[in-house]
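Colleague: give me the fold of what follows.
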Amino acid sequence: MTVQKLSPYSDGRRWGFRTAEGKIVVPCKYDYAWSFSEGLALVRLDGKYGYVNIRGEEIVPCKYDDAWDFSEGLARVVLDGKYGYVNIRGEEIVPCKYDDAWSFSEGLALVELDGKRGYINRRGEEVISCQYDELMSFERGVAKAKLNGKWGYINRSEEQVVPCTYDEVWYLKDGLIVVRLGDKYGLYDETGKLLVPCMYDEIYRFSEGLAKVRLGNRYGFYDSEGREVIACRYYEDALSFTEGLAAVKFRGKWGYISVSGEQVIGFKYDDAWSFRSGLAKVRMGKKEGFVNKEGEQVIECKYDEAESFEGDWARVKLKRKWYKIDKSGNLVEEG
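Modeller: Numbering: from 1, shown residues only. Next comes the predicted model:
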């Protein structure tokens, strides 16, 4: 049996539903009507909200002060300023008792009661108690949570994977979590293991398995196991690793190091950029050029300005004109 598809329509004053062929199934009697969601459509009558099925039967009577579309078999409704949930059979599974509520996602819905937030399941059970100042969506099995003014991460069993003792927390790539306490930063893995205590002035995003860190006015690098593979001792500035190398500044000059901390390209440049397509832009004095990963100056520093390579080409500026060059420095076109 084919289920007919209905769409809301208006006669200019009221709303009802009709088929794609124009057959009227639900007469125009509602103040407004919305599209169907999970087999039911939201309607408003005399300022109150309810739901109808494809036969026009009011499965949920128009008695609620506000309502939303169904999500995962449940819809949010408001009665006398309180939020609850109804199912597709019209049963009020969660009584209207919450001060605020959100739609269900992956079996859970965020709710708020007396200024505190928690999560309920589709049976209306509070699986995460309403005790948190703020609570975010679950991601990778954990949710960012604020308790008594401090941030951490909890799992679906409400265990604090990262204790709620920090001023700020957030996810990095590779399942690592940065935490801030005062003006110092540390690092956890997603199992809750403390990798790096809050001792650094900055922790940057991971790139090629290493994260740049700053301690005072020196930069170094940490790996995902919490090991300081390049100490914050020598480098006055640093860029993240790309294509196996990172530009670092030592005694006022820039060079490049490998992921093991070995110097690959000497410290002789006044500025340096990350590698792109096998070459890196460098500056000597006021002129720019390019080096390869062996440290060879494949394109001499003679341009007033240059852009990093995109594939086989780069744009360079010389005497107020822009040109396009290849990786051998040959001028291929103006532009």
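Colleague: could you measure Asn121 against Leu110, distance?
Modeller: Counting by C-beta to C-beta, to the nearest Å, the separation of Asn121 from Leu110 is 12 Å. Glycine gets a C-beta too; all of them are placed from N, C-alpha and C.
Colleague: neighbour count winner among the two?
Modeller: Neighbour totals were compared for Asn121 and Leu110, and Leu110 leads with 23 against 15 (other C-beta atoms under 10 Å).
Colleague: so what's that one bridging to?
Modeller: Beta-bridge pairing for Leu110 (DSSP bridges): Tyr119.
Colleague: pLDDT score for it?
Modeller: Note on Leu110: pLDDT of 97.
Colleague: check which helix or strand the closest residue to Leu42 other than its chain neighbours maps to.
Modeller: Once flanking residues are discounted, Leu42 sits nearest to Trp34: 4.3 Å by C-beta to C-beta, 6 or more residues apart in numbering. Assigned by DSSP states H and E, Trp34 belongs to strand 32-37.
Colleague: what lies in contact with that strand?
Modeller: By C-beta atoms under 8 Å, 6 or more residues apart in numbering, the surrounding residues in contact with strand 32-37 are 5-8, 15-17, 26, 41-44, 54, 69-71.
Colleague: which among those gets closest to Ser157?
Modeller: Ser157 lies nearest to Ser71 out of the contacts of strand 32-37, by C-beta to C-beta, at 23.7 Å.
Colleague: list the residues that contact the closest residue to that closest one other than its chain neighbours.
Modeller: Sequence neighbours aside, Ser103 is the residue nearest to Ser71 in space, at 4.2 Å (criterion: C-beta to C-beta, 6+ apart). The contact partners of Ser103, by C-beta under 8 Å, 6+ apart, come to 68-69, 71, 76, 109.
Colleague: mind redoing it with 7 Å?
Modeller: Neighbour list for Ser103: 68, 71, 76, 109 [criterion: C-beta atoms under 7 Å, 6 or more residues apart in numbering].
Colleague: and Gly220, by the same measure?
Modeller: So Gly220 contacts 213, 228, 230-233 (C-beta under 7 Å, 6+ apart).
Colleague: tell me the strands beside the strand holding Trp34, with direction?
Modeller: Strand 32-37 is paired, per DSSP bridges, with strand 40-45 (antiparallel).
Colleague: the residue positioned nearest the centre of the chain and Ile325: what is the separation?
Modeller: For the chain, Tyr171 is the residue whose C-alpha lies nearest the centre (C-alpha atoms, centre = their mean; 8.7 Å). Tyr171 sits 40 Å away from Ile325, going by C-beta to C-beta.
Colleague: could you do Phe290 as well?
Modeller: 9 Å.
Colleague: likewise Tyr51?
Modeller: Distance from Tyr51 to Ile325, by C-beta to C-beta: 65 Å.
Colleague: between the two, who's got more neighbours?
Modeller: Using other C-beta under 10 Å, the more surrounded residue of Tyr51 and Ile325 is Tyr51, with 28 against 21.
Colleague: wait, doesn't that one sit right on Leu42?
Modeller: Yes - contact criterion C-beta atoms under 7 Å: Tyr51 and Leu42 qualify, at 5.9 Å.
Colleague: what's the closest non-adjacent residue to Tyr166?
Modeller: Of all residues not flanking Tyr166 in the chain, Val179 sits nearest, at 4.4 Å (C-beta to C-beta, 6+ apart).
Colleague: do you know the pLDDT at the one you found?
Modeller: Looking at Val179, the pLDDT reads 97.
Colleague: how about Gly335?
Modeller: Gly335 is given a pLDDT of 59.
Colleague: if we can go back for a sec, strands - which of the contacts of strand 32-37 land there?
Modeller: 6-8, 15-17, 26, 41-44, 69-71 (DSSP state E).
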